[in-house]
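*Asks:* sequence plus predicted model, see below.
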Amino acid sequence: MARDDYFVVAYRILAYLYACLKEGEQVDVDYILPESPALNINRDYWEYIICHLYEDGYLEGVSLLNVIRKRTPAIKLTDRVMITPKGIEFLQNNSAMAKARDFLKTLKETIPGL
């Protein structure tokens, strides 16, 4: 598994949103942007991940904007982006998410700053 593996990036995003929800903290959208130190991935890949997390019902507060000649929709995150109950279940019960969590624990960087 690598730092930019789909499930590692998805885990970081969902775990951060879940931690904010549980703590009653306002989400810092900058933390889950592609250029953030926590993710550091290219924008197209990030849009692909966010798009699928949203379409699969794991996120809310996301707007998808179709752009001509672009593989993935442009993404607009509102200040109310959050994990859904389905996202929490996916985060806690999916085997790929568990592998991503264990990978990040070995790097000691699951959710820096929280």
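*Replies:* Now that the structure is in, tell me what you want to look at.
*Asks:* does anything pack onto whichever strand or helix holds Ile13? Which helices or strands?
*Replies:* Following DSSP states H and E, one finds Ile13 within helix 6-23. If you count contacts as 3 or more C-beta pairs under 8 Å, 6 or more residues apart in numbering; DSSP states H and E, helix 6-23 packs onto helix 43-55, strand 59-65, strand 74-83, helix 85-93, helix 95-107. From N, CA and C alone the C-beta is placed, and that goes for glycine too.
*Asks:* same thing but 7 Å
*Replies:* In terms of contacts (3 or more C-beta pairs under 7 Å, 6 or more residues apart in numbering; DSSP states H and E), helix 6-23 is packed against helix 43-55, strand 74-83, helix 85-93, helix 95-107.
*Asks:* Ile32 is nearest to which of these?
*Replies:* Of all the helices and strands packed on helix 6-23, strand 74-83 sits nearest to Ile32, with 7.4 Å by C-beta to C-beta.
*Asks:* and the average pLDDT for that closest one is what?
*Replies:* Taken as a whole, strand 74-83 carries a mean pLDDT of 88.
*Asks:* still on that earlier bit, quick check: angle from the helix holding Ile13 to strand 74-83?
*Replies:* Helix 6-23 runs at 50 degrees relative to strand 74-83, counting by axes from the mean of the first three to the mean of the last three C-alpha atoms, to 10 degrees.
*Asks:* can you give the contact residues for helix 6-23?
*Replies:* If you take C-beta atoms under 7 Å, 6 or more residues apart in numbering as the criterion, helix 6-23 is touched by 1, 27, 31-32, 38-39, 41, 49, 53, 58, 82-83, 87-88, 91, 96-97, 99-101, 103-104, 110-111, 114.
*Asks:* fine by me, thanks again.
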